[in-house]
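S.K.: Just a sequence and a predicted model for now, questions to come.
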Amino acid sequence: MTKKLFTRTTLAAGLFMALTGCASQEQAVGWQQDQTYQFTILHTNDHHGRFWTNRDGEYGMAARKTLLDQLRTDVTAQGGTSLLLSGGDINTGVPESDLQNAEPDFKGMNLLGYDAMAVGNHEFDNPIEVLRKQQGWANFPMLSANIYDKATGERLFQPYQIFEQQGIKIAVIGLTTEDTAKIGNPEYIGSIEFRDPKTEAQKVIAELKANEKPDVIIATTHMGHYANGKHGVNAPGDVALARFLKEGDLDLIVGGHSQEPVCMEGQNLAKPNFAPGDECQPDQQNGTWIVQAYEWGKYVGRADFEFKNGELNLVSYNLIPVNLKKKIKLADGSSQKVFVAQEIPQNEDVKAFLTPYQERGQAKLNIQISESNGKLEGDRNVVRFQQTNLGRLIAASHMQRAKADFAVMNSGGVRDSIPGGAITYKDVLKVQPFGNMVTYTDMTGAEVLDYLNVVATKPVDSGAYAQFYGLTMEVQDGQVHHVKIGGKALNPSQVYRFTVPSFNAAGGDGYPKLTNHAGYVNTGFVDAEVLKDYLEANRPINVQAFEPKGEVVYR
């Protein structure tokens with residue numbers, strides 16, 4: 001590995017030097033003056049159910065295990081030790097995992113040797129009983145210092161974990177985005193309080209200094225990295241956390257949530273178009289290093305540190321791709337995907353352990369249910385910015401099932417696209433993995449107008465941005481105008497029925513809460529099942545029939 005020197009000096013250095021010469025102090029801290037210690041932080045984040053390889057043979061936990069074993073061997077050969085941390089969001093994203101409550105993922109993490117993880121917002125996609133079962137599967141702590149039980153005022157998770165390596169005491173704090181209260185399912189988190197992670201970190205660090213006296217303090221977070229602290233509609237993330245604390249309070253943030261490689265081109269300037277194999281300069285804010293390893297186990301991050309006389313130096317940092325591929329053109333004009341680096345073999349023991357989980361769902365998931373004549377667009381960078389054929393198709397399926405007049409679908413509930421051609425049940429579950437129910441509400445036109453003035457004005461680049469079907473309108477200056485339902489102008493006194501996922505009906509994404517409205521009904525139909533039935537009943541799907549044609553105009 002090519003080494004680059006990144007110097008970071010902790011305030012602990014000055015404190016220790018003031019105490020040098022005191023033999024009892026040397027014994028208390030556990031490390032020896034003038035000796036250089038090496039330790040490494042390995043990290044991943046936003047796993048989202050990717051325990052198995054994708055269709056191109058990329059990533060997967062078995063290959064990640066092989067890589068981690070190689071890295072640990074390398075670290076040991078250099079006289080160092082290591083910790084493996086996760087930035088959270090183990091749940092939600094792949095049907096084989098979702099249908100089994102991420103059991104293969106948490107148990108697989110045991111085999112890979114994770115030492116701790118941050119609790120992510122998607123850990124709350126299931127009832128709390130499932131989350132507690134996942135904690136039982138995990139042989140490592142799930143950390144979060146800022147999640148509290150509303151009734152008791154007590155923390156729901158362990159706030160930190162202390163590790164001692166080579167006489168160096170390392171504290172790892174867990175923190176979770178406040179946005180969980182907004183984007184989590186209200187049915188599951190109604191009794192939970194997500195406090196400001198910045199102030200909770202400040203509180204925990206003070207406690208650690210008073211009681212544990214660690215040499216190094218790390219935060220594993222699920223808060224997101226937003227360059228220069230520009231978080232938009234999202235809750236403040238890792239940059240804001242580092243700037244909030246006193247310089248020297250936090251040595252390293254191992255992040256997640258924004259699902260990106262945190263590689264900087266300059267101060268407060270993220271590197272665009274990072275590609276596998278590129279050099280990666282981590283962010284540094286207020287003396288704190290910030291790292292993140294994209295998503296899905298595509299990379300393993302490796303941060304090599306040296307510790308001497310209380311000073312901590314980041315010696316090198318790399319994002320190591322896990323069997324990622326790139327497309328190359330062949331001489332005959334065709335193309336094929338090839339590994340960007342030498343292929344990492346899969347660990348046979350891990351693969352053997354995960355195989356039954358993979359096979360358990362394949363027979364059902366891979367059955368073709370429909371077909372289409374083109375792509376149904378659900379990519380995050382499209383569906384959260386504009387109306388798309390897939391967003392509208394999903395809304396249409398809900399509208400038909402509930403016999404409604406129009407439908408509202410939050411774009412955050414559209415998690416993937418469906419390529420043209422054969423459509424399987426697995427494709428459907430990748431698009432809608434959350435298991436929300438289709439709900440409908442009967443409202444007067446006057447109430448509908450108030451509702452649309454909230455949901456139709458949600459900002460782009462957020463999961464709250466709404467997809468619509470069955471109505472036309474214009475949105476301008478934070479208000480809706482010229483609303484027509486079924487081709488007729490909205491009548492304030494007429495009663496209309498519309499659908500919205502149960503997540504939003506309960507107040508998710510900041511939508512108006514509908515569950516206490518007299519006209520509210522939870523149909524009991526799971527969204528993915530409704531979409532599956534609609535695709536089957538209307539096969540083959542003509543994607544052009546669902547393309548937006550100016551029904552919703554933003555001015």
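M.R.: Sure, I can see it.
S.K.: Going by C-alpha atoms from here, please, whenever you check contacts or count neighbours.
M.R.: Fine.
S.K.: that's a helix at residue 200, yeah?
M.R.: Yes - under DSSP: H, G, I helix; E, B strand; the rest coil, residue 200 falls within a helix.
S.K.: and the residue lying closest to it once chain neighbours are set aside, what pLDDT?
M.R.: Leaving aside its chain neighbours, residue 200 sits nearest to residue 146 (5.8 Å; criterion: C-alpha to C-alpha, 6 or more residues apart in numbering). pLDDT recorded at residue 146 is 98.
S.K.: how close does residue 146 get to residue 190?
M.R.: 16 Å (C-alpha to C-alpha, to the nearest Å).
S.K.: Ok, residue 270 next?
M.R.: 36 Å.
S.K.: can you check residue 34 too?
M.R.: 53 Å.
S.K.: more crowded one of these two?
M.R.: For residue 34 versus residue 190, neighbours defined as other C-alpha atoms under 10 Å are more numerous around residue 190 (13 against 10).
S.K.: how about the more buried one, phi and psi?
M.R.: When read as degrees, to the nearest 10, the backbone of residue 190 gives phi -60, psi -30.
S.K.: quick one: the helices in the stretch 251-400 of the chain?
M.R.: 348-365, 380-383, 389-402 (DSSP state H, counting those that start in this stretch).
S.K.: Could I get the buried residue list for the shortest one?
M.R.: Yep, that's helix 380-383 we're talking about. If you call a residue buried by 16 or more other C-alpha atoms under 10 Å, then helix 380-383 has these buried ones: 380, 383.
S.K.: Residue 210 in helix, strand or coil?
M.R.: helix.
S.K.: residues near it, how many?
M.R.: Residue 210 sits with 10 neighbouring residues when counted by other C-alpha under 10 Å.
S.K.: now do residue 387
M.R.: Neighbourhood size, residue 387 [other C-alpha under 10 Å]: 26.
S.K.: correct me, but it touches residue 467?
M.R.: Yes - judged on C-alpha atoms under 8 Å, residue 387 makes contact with residue 467 at a distance of 5.7 Å.
S.K.: Show me how the record splits the protein into domains.
M.R.: The chain breaks down into these domains under automatic domain parsing: 6-15+39-356, 367-554.
S.K.: As CSV, those with distance to residue 30 would be great.
M.R.: Below are the domains of the chain laid out as CSV (distance: least, C-alpha to C-alpha, whole Å):
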stretch, distance to residue 30
domain 6-15+39-356, 4
domain 367-554, 48
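S.K.: how close does the nearest residue to residue 194 once chain neighbours are set aside get to residue 83?
M.R.: The shortest distance from residue 194 to any non-neighbouring residue, by C-alpha to C-alpha, 6+ apart, is to residue 147 (4.8 Å). Going from residue 147 to residue 83 by C-alpha to C-alpha gives 24 Å.
S.K.: which one of these two has more residues nearby?
M.R.: residue 147 (28 against 17).
S.K.: Looks like the more buried one contacts residue 191 (just checking).
M.R.: No - Residue 147 is not in contact with residue 191 according to C-alpha under 8 Å; the separation is 10.7 Å.
S.K.: mind listing what the nearest residue to residue 280 once chain neighbours are set aside touches?
M.R.: Take residue 280 and drop its neighbours on the chain: the residue closest to it by C-alpha to C-alpha, 6+ apart is residue 263, 4.9 Å away. Going by C-alpha atoms under 8 Å, 6 or more residues apart in numbering, residue 263 touches 270-271, 274, 280-283, 291.
S.K.: Ok, residue 343 next?
M.R.: Applying C-alpha under 8 Å, 6+ apart, the residues near residue 343 are residue 323.
S.K.: if we go to 10 Å?
M.R.: 57-58, 63, 321-325 (C-alpha atoms under 10 Å, 6 or more residues apart in numbering).
S.K.: and what of residue 471?
M.R.: Taking C-alpha under 10 Å, 6+ apart as the test, what residue 471 contacts is 405-408, 483-490, 551-552.
S.K.: do the same with residue 491
M.R.: With contacts defined as C-alpha under 10 Å, 6+ apart, the neighbours of residue 491 are 444-446, 448-449, 483-485.
S.K.: Weed out the non-buried ones from the residues you listed.
M.R.: 444-445, 448-449, 483-485.
S.K.: could those go into a markdown table alongside distance to residue 246?
M.R.: What follows is those, written out as a markdown table (distance: C-alpha to C-alpha, whole Å):
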| residue | distance to residue 246 |
| --- | --- |
| 444 | 54 |
| 445 | 53 |
| 448 | 48 |
| 449 | 48 |
| 483 | 52 |
| 484 | 55 |
| 485 | 55 |
